[in-house]
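K.L.:
model this:
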Amino acid sequence: MAHGPDRGGGYMEAEKRIEEMSYTWSISRINRLVNITLVQIAKDESLSEKDKQQQTLEVEKAWQRILRG
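P.N.:
Prediction:
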């Protein structure tokens, strides 16, 4: 069994696919949480419309920062 950088292209391709799947899974989970949070903000009757807009904007900005890395 090869170790280190001599593992070959197949190993590197498999590793890349795993990283892409992990990234995709993570983004999907975070997106779900963002959507749940936005719905909770929208339904929160204790917040004024201005506060809802501000919190929504903050969540969306945070999500954009995550996506940019």
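
K.L.:
which of the three states applies to Met21?
P.N.:
helix (DSSP: H, G, I helix; E, B strand; the rest coil).

K.L.:
and it, how many neighbours?
P.N.:
Met21 has 10 neighbouring residues, counting by other C-beta atoms under 10 Å. Every C-beta, even on glycine, is put in place using the N, C-alpha and C of the backbone.

K.L.:
now do the same contact list for it.
P.N.:
Contact analysis of Met21 by C-beta atoms under 8 Å, 6 or more residues apart in numbering lists nothing.

K.L.:
any idea how far it is from Glu15?
P.N.:
11 Å (C-beta to C-beta, to the nearest Å).

K.L.:
same check, this time on Ser48
P.N.:
Applying C-beta to C-beta to Ser48 and Glu15 gives a distance of 50 Å.

K.L.:
same check on Glu58?
P.N.:
36 Å.

K.L.:
how close does Met21 get to Ile27?
P.N.:
Taken as C-beta to C-beta, the span from Met21 to Ile27 is 11 Å.

K.L.:
please name the nearest non-neighbouring residue to Thr37.
P.N.:
Among residues not flanking Thr37 along the chain, Val59 sits closest, at 5.5 Å (C-beta to C-beta, 6 or more residues apart in numbering).

K.L.:
now the host helix or strand of the one you found: how far from the chain's centre is it?
P.N.:
Using DSSP states H and E, Val59 sits in helix 49-68. When distances are taken as C-alpha atoms, centre = their mean, to the nearest Å, helix 49-68 is centred 14 Å away from the chain's centroid.
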